[in-house]
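Peer 1: Fold the following and give me the result.
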Amino acid sequence: TKVAGHQLSRFEKRHRSVGGNAIRAAVLGGNDGLVSNFSLVMGIAGAVASQSEILLTGLAGLLAGALSMALGEWISVTSSKELYENQIQLEMDELETNPEGEEKEIALIYMSKGIEEEQSKKMASKIIKDKTNAHHFLVKEELGINSEELKGSAMEAAISSFVLFAIGAIIPVSPFMFTSGNIAIIFSIIFSAIGLFFIGGAITLFTGKNLWYSGFRQVFFGLTAAAITYGIGHLIGASIS
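Peer 2: Modelled structure (predicted):
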């Protein structure tokens, strides 16, 4: 069977979405670290001229943000697993206490897939005889829970979030480790703009958008956020002094 060009393109996009969640987590983690710390560093740079103060603030922002991301990811993964495990146990309890009702539910699930009522009832009657098999069926079809969702490690997710955020956050801080003043600010802007462009480009892996458009869009919004915080920092620094 021949496949039309536009259909093939759709299939390829679906293939590109494989592993999309992992890529998205990596991109968003790096983006959060870069944008938040870039804005923070520029805000402090606008308020003070001390290299040590800017560097200390940037490193503190990196550590605080990375720890917050890690804790948030750990809580998210742990809570999701606990929720799924509770729903799975409730489904098993219902199978033990009300097998007739669960058999009707299985039949209704088959009917919703377009299978005739009599055939659905026969299939449900067959599958309910094996509680383990029936449980797996109901967990997948009724609850919509994929067993793969229970295999993720909360600690691995937390560590990954910490590392990815830190990688993004170190970019705008790094110039202040070696130089100071306007030179450090300029290099921080250049490094951050390059990082933002690559992040915007990476987003196209699962959006399918134009590389240059996504890259420069990310740069524009990141620089705009940093410019705003720099201006606010400058005003605050001037008013304090």
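
Peer 1: How many residues are close by Trp165?
Peer 2: Actually, residue 165 is Phe rather than Trp. As a burial measure, Phe165 scores 28 neighbours (other CB atoms under 10 Å). Where C-beta positions appear, they are placed from N, C-alpha and C, glycine not excepted.

Peer 1: pretty sure it is touching Asn31, no?
Peer 2: No: judged on CB atoms under 8 Å, Phe165 makes no contact with Asn31 at a distance of 9.3 Å.

Peer 1: could you give the mean pLDDT of whichever strand or helix holds Asn86?
Peer 2: Remark: Asn86 resides in helix 51-97, with elements defined by DSSP states H and E. Throughout helix 51-97, pLDDT has a mean value of 86.

Peer 1: Output the contacting helices and strands for it.
Peer 2: Helix 51-97 sits against helix 20-47, helix 99-112, helix 131-141, helix 154-173, helix 181-207, with contacts defined as 3 or more CB pairs under 8 Å, 6 or more residues apart in numbering; DSSP states H and E.

Peer 1: list the contacts for the residue lying closest to Gly61 once chain neighbours are set aside?
Peer 2: Distances taken as CB to CB, 6 or more residues apart in numbering place Leu40 nearest to Gly61, at 4.5 Å, with adjacent residues excluded. Going by CB atoms under 8 Å, 6 or more residues apart in numbering, Leu40 touches Thr57, Gly58, Gly61, Thr229.

Peer 1: Double-check the last one against Val35; I have them as touching.
Peer 2: To tie it back to what came earlier, the one meant is Thr229. No: in terms of CB under 8 Å, Thr229 does not count as a neighbour of Val35; the distance is 10.4 Å.

Peer 1: More neighbours: which of those two?
Peer 2: Per other CB under 10 Å, whichever of Thr229 and Val35 has more neighbours is Val35, with 23 against 20.

Peer 1: gap between that one and Ile199?
Peer 2: 9 Å (CB to CB, to the nearest Å).

Peer 1: Next, show the common contact partners of the two.
Peer 2: With CB under 8 Å, 6+ apart, Val35 and Ile199 have common neighbours Gly168.

Peer 1: So, low pLDDT: which residues of this structure?
Peer 2: 1-25, 49, 145-152, 206, 237-241 (pLDDT under 70).
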